[in-house]
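Undergrad: sequence isn't available, so here's the structure alone:
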């Protein structure tokens, strides 16, 4: 296969995927324990910590935007979930399907909607909702649907806001690289 039509990641692209997955896992582990602590506070409604869900997808988004290659978000999510599990995440083994689904949703959104600003924000919001979907399937199956809906709305808002941060980071990196 020619260089332009290659099916594999370059060494630089793999380095970005591995770095973002590792950073994401290292940030996600304490964030997961913080979320569990916030859920224990009686003054906050159950599920309120989903407002932090967007932080989990930031790393996947940065890898996808920086690499500009299909599969980057999915590969980063898969690796992030594996690393997060080995770091004894509060989510336990469910960190793998959570990160994998977040990466798959983000990837699908960026492919189907494109990489325009609003498309990235919507894709990021939907990706963060992936967290709630997996939790509903494996852990929170007994919760009323309105609680799951509340959690999904908070996760979407968080993912959308963090996606704006991801776009800003990509812009700064692009300007820095092109001015050097």
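TA: Done, it's in. Because the structure is predicted, anything quoted here is derived from the model rather than measured.

Undergrad: tell me which residue lies nearest the centroid of the chain.
TA: With the centre of the chain defined as its mean C-alpha position, the nearest residue by Cα atoms, centre = their mean is residue 57, 1.8 Å away.

Undergrad: count the residues that sit near the residue nearest to that residue when sequence neighbours are not counted.
TA: Spatially, and ignoring its direct neighbours in sequence, residue 57 is nearest to residue 127 (4.7 Å; Cβ to Cβ, 6 or more residues apart in numbering). The way it works is simple: take the backbone N, C-alpha and C, and place the C-beta from them, glycine included. Using other Cβ atoms under 10 Å as the criterion, residue 127 is surrounded by 33 other residues.

Undergrad: contacts only, for residue 127.
TA: Listed by Cβ atoms under 8 Å, 6 or more residues apart in numbering, the contact partners of residue 127 are 57, 60-61, 73, 102-103, 105-106, 109, 159.

Undergrad: in stretch 105-122, which residues are buried?
TA: Burial within stretch 105-122, assessed by neighbour count using 16 or more other Cβ atoms under 10 Å, is assigned to 105-107, 109-110, 120-122.

Undergrad: wait, stretch 153-168
TA: Applying a neighbour-count criterion of 16+ other Cβ under 10 Å, one finds 153-163, 166-167 buried in stretch 153-168.

Undergrad: and the longest helix along the chain, what's its mean pLDDT?
TA: Across the chain, the longest stretch assigned as helix under DSSP state H is helix 145-179. Summarised as a single mean, pLDDT over helix 145-179 is 93.

Undergrad: quick check, pLDDT for residue 3.
TA: Confidence at residue 3, expressed as pLDDT, is 51.

Undergrad: next: residue 120.
TA: The pLDDT attached to residue 120 in the predicted structure is 97.

Undergrad: got the contact list for it?
TA: Taking Cβ under 8 Å, 6+ apart as the criterion, residue 120 is in contact with 61, 65, 110, 163, 166-167.

Undergrad: again, but for residue 23
TA: Applying Cβ under 8 Å, 6+ apart, one finds that residue 23 lies in contact with residue 59.

Undergrad: what helix or strand is it on?
TA: helix 11-40 (DSSP states H and E).

Undergrad: for that helix, buried residues please.
TA: Using 16+ other Cβ under 10 Å as the burial criterion, the residues of helix 11-40 that qualify are 13, 16-18, 20-25, 27-29, 31-32, 35, 38.

Undergrad: tell me how far that helix lies from the chain's centre.
TA: In terms of Cα atoms, centre = their mean, to the nearest Å, the centre of helix 11-40 is found 9 Å from the chain centre.

Undergrad: chain neighbours aside, what residue packs nearest to residue 87?
TA: The spatially closest residue to residue 87, leaving aside those adjacent along the chain, is residue 29, at 4.8 Å (Cβ to Cβ, 6+ apart).
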